[in-house]
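Participant: Task: produce atomic coordinates for the following.
(chains A and B)
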2 protein chains.
Amino acid sequence: MHIPERILMGPGPSTVSQRVLRALGSPTLGHLDPRYIEIMDETCVKLRKVFQTQNQLTFPVSATGMAGMECVVTNLMEPGDEAIVCVNGVFGSRMVDVMERAGVTVHKLEIEWGRVFTPEQIGEALDRHPGAKALGIVHAETSTGAHQPLEEISRLVHEAGKLLIVDAVTSLGGHPVKVDEWKIDAIYSGTQKCLSCPPGLAPVSFSPAAVEVIEQRTRKVQSWYFDISMLKDYYKGSGKRAYHHTAPVNMIYALHEALEIVLEEGLEARFARHARLHHRLREGLQELGISYIPENSLHTLNCIGIPDGVDDGAVRAALLDAYNIEIGAGLGPFAGKAWRIGLMGHSATQANVDLVLAALKDCIG
Amino acid sequence: MHIPERILMGPGPSTVSQRVLRALGSPTLGHLDPRYIEIMDETCVKLRKVFQTQNQLTFPVSATGMAGMECVVTNLMEPGDEAIVCVNGVFGSRMVDVMERAGVTVHKLEIEWGRVFTPEQIGEALDRHPGAKALGIVHAETSTGAHQPLEEISRLVHEAGKLLIVDAVTSLGGHPVKVDEWKIDAIYSGTQKCLSCPPGLAPVSFSPAAVEVIEQRTRKVQSWYFDISMLKDYYKGSGKRAYHHTAPVNMIYALHEALEIVLEEGLEARFARHARLHHRLREGLQELGISYIPENSLHTLNCIGIPDGVDDGAVRAALLDAYNIEIGAGLGPFAGKAWRIGLMGHSATQANVDLVLAALKDCIG
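Facilitator: Now for the predicted structure:
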């Protein structure tokens, strides 16, 4: 089976290192094997460090990133609950959909794609919807590259007595995500972005307040597969390991190794690297006359305007064919108008930044 | 990260071959990369061969086996629907739970664990519950080792105008699973059993009749992640590939290779191998005075009584420590009373059968 070696600079997956691929290809153990349980426990300990949290209920959901959203929503919310969901791109819209499928009455707070929410907008929404149980917001909107500040918003959400749900799929491991300091109640991410592990797992973390809400549910979670009340007996790290489902053993090896790499580099050094390379890319793009779309861009995902007269698909195909470089297309209102260049984890190197700039210059012609 | 090389002879995962592990550790591609799309399409073609079906809607759900059950149930059934679910072990009970969480009124047809359903029992249940939309049954009950014949039951279910839902987690790739010939409407399996691929994917297949039912739903599927109406645009193999979620790329490589191995051996030869080794194991166990629990045993999972006076946990620990052999414990009423020896896929070799017999003899003492 021939598989080309791409340089993955799209919205994810990012390039996976040989170390992680080797871990992934290690011999499969049984999901109740004592050695596997150790590896899984170690993985959860490392995840807490990367999420910067003491939350005991921190583990990887056995499915890709979007399953993290579904796990968080279906466990925290019950039919008839109200929630405020902030929409400024694809992933906010998805949270609305996932909430509504869980029987939640959603109050959408919509702003233009590419912009971020101000504390004032959030405060007004909280005032308008006193019955809401939670507010959901996207920290790193993969569809627009917008980077949403969370600290002040978190303060307002908690002053209003609500739970804060955060989508950190494209920020975890590339930008600070301080779950405890920012008082995030439930958060989900994916492995294939700034952690540079293959897609297939969704790290999640729940605050003690969120756990209490889950424990006080009046009815079963609609999803058996994502039901925390059963999953926690497998992941919680104490007492008997109740079998729930067969864990994706090899993917856990890969995540274990990917998190080890993150912690070896150190979170602060890693964030600084992503910042430095984002600025290097930004300067290079400026020289090519290319500008950014969002008002407050992520370092990890660079959503940029396609220059007038340039053929979107032809350039992306040329990058792939001539350079083995993948970049992402625009989504929604940005389809055909934007490219998304990922600088995530193992893909975020000075060599890749300089190469993608040279390649873009060549392909735009 | 030290990982011991176990001989996996429990209820799954089975031992994964080096070929599959190497495929798993291949470089990660983007989920919209043209080469990845080819590999995914080829994987679906191979899955159809192994399921012995022409069903176009045949693909691997991006999560472990139990997610296959949830995907089938949440897509086929709507709140207020009725279903008959046959319960003779853990997985029948789970299907009841998953159905109820989807708002289905379940009519349980329960028999003793270890026994299989007769066509008469099924016929009576169909007569008693004319309002049922579907009947769910487990082909290979992993908790008891019971092998459920399906052909006659399928005839009755379709005569009554119902849909047939089948759990084939522990049979696909080890026993014949003839989706078209047996007129199964919806079926799910796991990759980590007789396909000898790591856990992490759930192959599913839907008949044209099932697809029609899904297309005529009056409300959205409660799960966004498992919603076929969106997933099919990614997997169906024609037209534009709509992005839904980030596919578990490396796991698909592994499944592609595992299915290739199944097809190289040939389905009939593979089933014959599982049958031959089951009989060899059975004879050896008989010599040790150990008997089978179910009335109609699977070849792939051998649920056997623990001899009187033998310490369950001590023997399993000794097998693991001294021989690196994993076998499974009993579940539910069989906890402490049964062992489950898997002979699945790459684990089903004459060497392993003879070794586990010698090791059991030694450990029982």
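
Participant: Buried ones in the helix ranked longest in chain A, by neighbour count?
Facilitator: The helix that spans the most residues within chain A, counting by DSSP state H, is helix A:267-287. Buried residues in helix A:267-287, defined by neighbour count with 16 or more other Cβ atoms under 10 Å in any protein chain shown: A:Leu267, A:Arg270, A:Phe271, A:Arg273, A:His274, A:Ala275, A:Leu277, A:His278, A:Leu281, A:Arg282, A:Gly284, A:Leu285. The C-beta positions use only the backbone N, C-alpha and C, and glycine is treated the same way.

Participant: Give me the distance between the fourth one and chain B.
Facilitator: Computed with Cβ to the nearest Cβ, to the nearest Å, the distance linking A:Arg273 and chain B is 20 Å.

Participant: export the buried residues of helix A:267-287 to JSON lines and tack on pLDDT?
Facilitator: Shown next, in JSON lines, are the buried residues of helix A:267-287 (pLDDT from 0 to 100):
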{"residue": "A:Leu267", "pLDDT": "98"}
{"residue": "A:Arg270", "pLDDT": "98"}
{"residue": "A:Phe271", "pLDDT": "98"}
{"residue": "A:Arg273", "pLDDT": "98"}
{"residue": "A:His274", "pLDDT": "98"}
{"residue": "A:Ala275", "pLDDT": "98"}
{"residue": "A:Leu277", "pLDDT": "98"}
{"residue": "A:His278", "pLDDT": "98"}
{"residue": "A:Leu281", "pLDDT": "98"}
{"residue": "A:Arg282", "pLDDT": "98"}
{"residue": "A:Gly284", "pLDDT": "98"}
{"residue": "A:Leu285", "pLDDT": "98"}
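
Participant: hey, C-alpha coordinates of stretch A:242-250 in PDB?
Facilitator: Extracted as PDB, the C-alpha positions of stretch A:242-250 are listed here (Å, rounded to 0.1, in the frame of the first residue of the first chain):
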ATOM      1  CA  ALA A 242     -15.300  -2.000  34.700                       C
ATOM      2  CA  TYR A 243     -15.300  -3.100  31.100                       C
ATOM      3  CA  HIS A 244     -17.300  -0.700  29.100                       C
ATOM      4  CA  HIS A 245     -16.100  -0.800  25.500                       C
ATOM      5  CA  THR A 246     -12.800  -2.100  24.000                       C
ATOM      6  CA  ALA A 247     -10.500   0.800  24.200                       C
ATOM      7  CA  PRO A 248      -8.600   1.800  21.000                       C
ATOM      8  CA  VAL A 249      -5.300   0.400  22.400                       C
ATOM      9  CA  ASN A 250      -2.800   1.400  19.700                       C
END
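
Participant: quick check, that stretch touching chain B?
Facilitator: Yes - on the criterion Cβ under 8 Å from any Cβ of the partner chain, stretch A:242-250 is in touch with chain B at A:Tyr243, A:His244, A:His245, A:Thr246, A:Ala247, A:Pro248, A:Val249, A:Asn250.

Participant: do the same with stretch A:344-357
Facilitator: No - Stretch A:344-357 stays clear of chain B (Cβ under 8 Å from any Cβ), getting no nearer than 10.0 Å.

Participant: residues in contact with that stretch?
Facilitator: A:7-9, A:12, A:14-17, A:20, A:170, A:173-174, A:193-196, A:258, A:261-262, A:273-274, A:277, A:280-281, A:284-285, A:288, A:300-301, A:319, A:323, A:325, A:327, A:341, A:343 (Cβ atoms under 8 Å, 6 or more residues apart in numbering or on different chains).

Participant: Would you check how far apart A:Ala186 and chain B are?
Facilitator: In terms of Cβ to the nearest Cβ, A:Ala186 sits 16 Å off from chain B.

Participant: show me the residues around that residue that make contact.
Facilitator: A:Val72, A:Asn75, A:Leu76, A:Leu163, A:Leu164, A:Ile165, A:Val166, A:Val204, A:Ser205, A:Phe206, A:Ser207, A:Ala210 are the contacts of A:Ala186 under Cβ under 8 Å, 6+ apart.

Participant: Repeat that for A:Leu156.
Facilitator: A:Pro119, A:Ile122, A:Gly123, A:Leu126.

Participant: how close does it sit to A:Glu82?
Facilitator: For A:Leu156, the distance to A:Glu82 equals 17 Å [Cβ to Cβ, to the nearest Å].

Participant: A:Ala247 and B:Arg316, how far apart?
Facilitator: On the measure of Cβ to Cβ, A:Ala247 and B:Arg316 end up 19 Å apart.
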